[in-house]
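In: Here you go, sequence then predicted model.
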Amino acid sequence: MRIVRFSEISHVAPRWGMVIEHLVYPLQRAPYLSTAIDGSSAPEIEGAPVPLKSVELLPPATPSKILCVGRNYAAHAAELGNEVPDQPLVFLKTPSSLIGPGASVVHPTISERVDHEAELALVIGRSCRHLSTENAMDAIYGYTIANDVTARDLQNVDRQWARAKGFDTFGPLGPWLETDYDPANRTVRCLVNGEVRQESNTDLMLFPIVQILVWLSRAMTLEAGDLILTGTPAGVAPVQPGDVMTVQIDGLGEISNPVVAEERGV
Ligand code: MG
């Protein structure tokens, strides 16, 4: 299934929907919650379908937390002068950073270097803890594309990464969730203004998804809807207002977001 979160002019509140060809069939509720409570089947369609082209796509997750793996590709660790970690290096990103396809990433005036980071992302489908290598992949509801936008200079100054990764708009996510998806051997690519900046393959992750899930769930409950970013490959580079970032992953489509200058409010 291809699942979107969307809004229409006629509906103030965001809704979830299932995409079939060029139509969005609205769903009663967030799809991943249904598997957490009673293990029942997918939520039912509610209301008339609307053309996909007519809706605004929103980030297809409403996570309680966003867990990100840093330095999960050796070539990326090397390009920033870092050692390859011997266990997953995990940090948190703010749910308030999330934006959907086409929405603007705001380049903060207090940062002099804002980088793109193309990443495969996954959404958890049910509340879970202490996953095993045998059942960990069953906890995944679907996959999508993330851009882990980072204020690189502030990341280095702060040492903790919360601010550098957590600015509003620093979390482009979408365009949709694919529930039937094999994450193995997928090309991950980032283009800026149409020029390829990052291009790698998910098979080059240092810690595969199953290991990330086992490791994380030993520490904390993963809730339905939680979002996990699996790390970025080499090629991260700065963007400026006026640039357009596009992240593509085989089988998941692409997400494009323009970069705009920050306008200070009164
Ligand atoms: Mg990252």
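Out: Done, it's in. Numbers count the residues shown, from 1 in each chain.
In: By proximity to the ion, which residue of the protein wins?
Out: Scanning the chain for proximity to the ion using Cβ to the ion identifies residue 148 as nearest, at 3.4 Å. For the C-beta atoms, the positions are set from N, CA and C on the backbone; glycine is no exception.
In: which residues touch that residue?
Out: Applying Cβ atoms under 8 Å, 6 or more residues apart in numbering to residue 148 gives the contacts 68, 93, 117, 119, 165, 170, 171, 229, 232.
In: how far away is it from residue 114?
Out: As judged by Cβ to Cβ, to the nearest Å, residue 148 and residue 114 stand 12 Å apart.
In: what do you get for residue 126?
Out: Distance, residue 126 to residue 114, using Cβ to Cβ: 35 Å.
In: Same drill for the two, tell me which one is more crowded.
Out: residue 114 (24 against 19; other Cβ atoms under 10 Å).
In: Let me know whether that one touches residue 260 as I believe.
Out: No. In this structure, residue 114 is not within contact of residue 260 by Cβ atoms under 8 Å, at 11.2 Å.
In: what residues are shared contacts of these two?
Out: By Cβ under 8 Å, 6+ apart, the residues touching both residue 114 and residue 260 are 105, 107.
In: Contact residues of the stretch 51-200 of the chain facing the ion?
Out: The stretch 51-200 of the chain comes close to the ion at residues 117, 148, as judged by Cβ under 5 Å from the ion.
In: how about a cut-off of 6 Å?
Out: 68, 117, 119, 148 (Cβ under 6 Å from the ion).
In: now those as CSV including pLDDT?
Out: Output for those, formatted as CSV (pLDDT from 0 to 100):
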residue, pLDDT
68, 98
117, 97
119, 98
148, 98
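In: I'd assumed residue 112 was in a helix, is it?
Out: No. Using DSSP: H, G, I helix; E, B strand; the rest coil, the secondary structure at residue 112 is coil, not a helix.
In: if I look at it, how far off is residue 153?
Out: In terms of Cβ to Cβ, residue 112 sits 5 Å off from residue 153.
In: try residue 74
Out: Per Cβ to Cβ, residue 74 is found 24 Å from residue 153.
In: How about residue 257?
Out: 20 Å.
In: When these two are compared, which one has more neighbours?
Out: Just comparing residue 257 and residue 153: by other Cβ under 10 Å the higher neighbour count belongs to residue 257, 25 against 16.
In: Test my guess that the more buried one contacts residue 99.
Out: Yes. In this structure residue 257 lies within contact range of residue 99 using Cβ under 8 Å: 6.9 Å.
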